[in-house]
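In: no sequence on this one, just coordinates:
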């Protein structure tokens, strides 16, 4: 026996004659540590033995054939060193114990019922899973997980003669229960683990958790009670249903899907006992978010002084809140009126590019630059979108606007500020050809980068069997188009919207990064500069359900998604949340 994690035993007997009464899962004492032990927790780790999680399902005694199940697993993360062997391997994993001839897993007290004097054939049948599943089994550590080995009927049985020599007989098994339905393919099924939480998508679909969410309500299988942690409350769900079929026991408790609750399920929790759900630790590591804005309160008549003062106050407020990183000022879609490029703002007013540069952007720059502290750096993304006039001329005009704004920054001496372009590219707004034309126009006059703070509408959030294959997104858009406007263009940097609380946005962008890894040498995977959420905007004006990630949650989702895959693993150092000016 090598690398034992846990075990379970199926016992058949006649409850009116002799039955298991109590079980001692640690029948020995280590006099050095003072701990109770069995073979299962015999190895020492940091001079102490592991604790055990035990479970029994022994029914009240009744005359006639009955069946019981009992078992235990050691607590904590699994390794070869703490998983005992008998005899020792040729190169032992651990030398803190010696068990050359086997080991005792538990001591069972048997209760002989009244009226059994001179009975020669009282028995306990150590059985397999036929007709009563689950049967006797052992769980072993494989180096990457748990493997359950079911034991056959040739296990050997126990016989007792009450006051007379025992006479072996063929035990009579209890009748089989109705067969379970809904048993799964198993946690070891060869299927992807899309969310990186240690459970395959196939297993999660069977268990009833979300394959794209490693953390949250019904997201991580080991967190049955949705507390964020794997703890005794979760184990209690399993021990209280130990040995029962699924259904009627909920599939949510069958963590190593087999159609029954057994020690393999318990081991899936004990291996991560006390840990938070995958990615939960990232919430405490999220960068401080900046405040981006839908610029919606410029004057209809383009009063430069009034708009300068309004934007000056916004820049000053962000400086006083010690914000640094990237801020998007979203002025809405571009249009050309009588040969003059500008934007049609969120209230329908037209603002020429010159007004944006000389009044709005200038006001924000002066406010931030005047009130910021030394070293408080900010990239000011002057933003538009691809909803109105979207062509090369529009892109070129926007690049010229950014160049002019940076000329003003240079004249002020505010060395902590840089203006960049920004575009909320969304596949639902325009054709991909128009969006690509905008980038070509921008490139023609660009001296500064632009941020794509857009979406990946309709793009896949799981990978195909052909890595790097270009998959369709919104009609007329492919992953290659989204990748181009966000990263493939020489001036583009991705700052994606991560709005959806169900993690789909994060996985869409991670899969676009996978596409880039195979198709965009020498740049390879996307270097995400920040994430954008709209929590404050939703608080102001309301949103559809499920699109209001906080800044920390949006960042956590994308950072976790890219970290699960070596092809996309990057550090995302910034975050921003957008709101409405008025």
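Out: On my side now, so go ahead. This one's a predicted model, so the numbers in the text were calculated from it and none came from an experiment. Numbers count the residues shown, from 1 in each chain.

In: for the protein, what spans make up the helices?
Out: Taking DSSP state H as the test, the helices found in the chain are 201-207, 232-239, 263-270, 304-320, 353-355, 362-371, 392-412, 432-445, 479-483, 504-519, 535-541, 551-563.

In: and the angle from the third one to helix 232-239?
Out: Using axes from the mean of the first three to the mean of the last three C-alpha atoms, to 10 degrees, one finds that helix 263-270 and helix 232-239 are set 180 degrees apart in direction.

In: Other residues contacting helix 263-270?
Out: Identification of contacts with helix 263-270 by C-beta atoms under 8 Å, 6 or more residues apart in numbering yields 5-8, 53, 55, 71-76, 78, 137, 139, 146, 148, 187, 221-222, 230, 234-235, 238-239, 242, 253-256, 258. Heads up, the C-betas are built off the backbone N, CA and C, glycines and all.

In: what about this structure, any weak spots by pLDDT?
Out: Applying pLDDT under 70 to the chain picks out residues 154, 176-191, 523.

In: Next one: the residue sitting nearest the centre point of it from residue 76, what distance?
Out: Compute the mean C-alpha point of the chain, and by C-alpha atoms, centre = their mean the closest residue is residue 214, 2.4 Å away. Noted for residue 214: a distance of 21 Å to residue 76, by C-beta to C-beta, to the nearest Å.

In: Same check on residue 231?
Out: From residue 231 across to residue 76, the span is 13 Å (C-beta to C-beta).

In: Give the intersection of the neighbour lists for these two.
Out: What both residue 231 and residue 76 touch, as defined by C-beta under 8 Å, 6+ apart, is the set residue 273.

In: can you tell me which of the contacts of helix 263-270 are in strands?
Out: Among the contacts of helix 263-270, the residues falling in strands (DSSP state E) are 5-8, 53, 55, 71-74, 137, 139, 146, 148.

In: which one of those residues is nearest residue 39?
Out: Of all the ones in strands among the contacts of helix 263-270, residue 39 sits closest to residue 7, with 9.3 Å by C-beta to C-beta.

In: Could you count how many residues lie near that closest one?
Out: Close neighbours of residue 7, defined as other C-beta atoms under 10 Å, add up to 23.

In: Relative to residue 360, how far out is the residue lying closest to residue 377 once chain neighbours are set aside?
Out: Spatial nearest neighbour of residue 377, chain neighbours left out: residue 416 (4.7 Å); criterion: C-beta to C-beta, 6 or more residues apart in numbering. Using C-beta to C-beta, residue 416 is found at 20 Å from residue 360.

In: So which of the two has more stuff around it?
Out: Applying other C-beta under 10 Å to residue 416 and residue 360 shows that residue 360 carries more neighbours, namely 25 against 16.

In: and the residue lying closest to that one once chain neighbours are set aside, what does it touch?
Out: Nearest residue to residue 360, sequence neighbours excluded (C-beta to C-beta, 6+ apart): residue 311, at 4.9 Å. Listed by C-beta under 8 Å, 6+ apart, the contact set of residue 311 reads 295, 359-364, 367.

In: Rebuild those as a markdown table, extending it with distance to residue 123.
Out: Listed next are the contacts of residue 311 as a markdown table, based on distance: C-beta to C-beta, whole Å:
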| residue | distance to residue 123 |
| --- | --- |
| 295 | 83 |
| 359 | 94 |
| 360 | 89 |
| 361 | 88 |
| 362 | 93 |
| 363 | 91 |
| 364 | 86 |
| 367 | 87 |
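
In: which of those residues lies closest to residue 156?
Out: Nearest member of these to residue 156, counting by C-beta to C-beta, is residue 295, at 80.0 Å.

In: residues touching the closest one, list them.
Out: Going by C-beta under 8 Å, 6+ apart, residue 295 touches 311, 329-332, 345-346, 360, 581.

In: just those residues now: which is nearest residue 509?
Out: residue 330 (19.3 Å).

In: any idea how far the nearest residue to the closest one once chain neighbours are set aside lies from residue 576?
Out: Closest residue to residue 330 apart from its sequence neighbours, by C-beta to C-beta, 6+ apart: residue 383 at 4.2 Å. Per C-beta to C-beta, residue 383 is found 11 Å from residue 576.

In: Spell out which residues are contacts of both of those two.
Out: residue 328.

In: rewinding a little: which strand residues bridge the residue nearest to residue 330?
Out: Beta-bridge pairing for residue 383 (DSSP bridges): residue 330, residue 422.

In: so what's it up against?
Out: With C-beta under 8 Å, 6+ apart, residue 383 has these contacts: 328-331, 421-424, 451, 453.

In: Reformat these as a markdown table; add neighbour count and distance to residue 411.
Out: Output for these, formatted as a markdown table (neighbours: other C-beta atoms under 10 Å; distance: C-beta to C-beta, whole Å):
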| residue | neighbour count | distance to residue 411 |
| --- | --- | --- |
| 328 | 27 | 24 |
| 329 | 23 | 20 |
| 330 | 25 | 25 |
| 331 | 29 | 22 |
| 421 | 26 | 20 |
| 422 | 30 | 22 |
| 423 | 30 | 26 |
| 424 | 24 | 29 |
| 451 | 27 | 24 |
| 453 | 29 | 27 |
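
In: and which of the residues you listed is nearest to residue 199?
Out: Distances from residue 199 to the contacts of residue 383, taken by C-beta to C-beta, are shortest for residue 453, at 33.2 Å.

In: Now the two most distant members of the contacts of residue 383.
Out: 331 and 451 (14.0 Å).

In: Just the terminal-to-terminal distance for stretch 257-269.
Out: Start to finish, the residues bounding stretch 257-269 are 14 Å apart (C-alpha to C-alpha, to the nearest Å).

In: Same check on stretch 148-155?
Out: 17 Å.

In: buried ones in stretch 48-58?
Out: Buried residues in stretch 48-58, counted by 16 or more other C-beta atoms under 10 Å: 49-50, 52-58.

In: And that stretch, end to end?
Out: So stretch 48-58: terminal residues 31 Å apart, C-alpha to C-alpha.

In: Name the residues of stretch 381-398 that are buried.
Out: Here stretch 381-398 shows 381-386, 388-398 as buried, counting by 16+ other C-beta under 10 Å.

In: got it, and stretch 109-121?
Out: 112-113, 116, 119, 121.

In: what comes up buried for stretch 249-265?
Out: Under 16+ other C-beta under 10 Å, the buried positions of stretch 249-265 are 249, 251, 253-265.

In: Likewise for stretch 503-514?
Out: By 16+ other C-beta under 10 Å, the buried positions in stretch 503-514 come out as 503-514.

In: got JSON lines for those, with distance to residue 272 too?
Out: Below are the buried residues of stretch 503-514 laid out as JSON lines (distance: C-beta to C-beta, whole Å):
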{"residue": "503", "distance to residue 272": "20"}
{"residue": "504", "distance to residue 272": "25"}
{"residue": "505", "distance to residue 272": "27"}
{"residue": "506", "distance to residue 272": "22"}
{"residue": "507", "distance to residue 272": "22"}
{"residue": "508", "distance to residue 272": "28"}
{"residue": "509", "distance to residue 272": "27"}
{"residue": "510", "distance to residue 272": "23"}
{"residue": "511", "distance to residue 272": "27"}
{"residue": "512", "distance to residue 272": "31"}
{"residue": "513", "distance to residue 272": "28"}
{"residue": "514", "distance to residue 272": "27"}
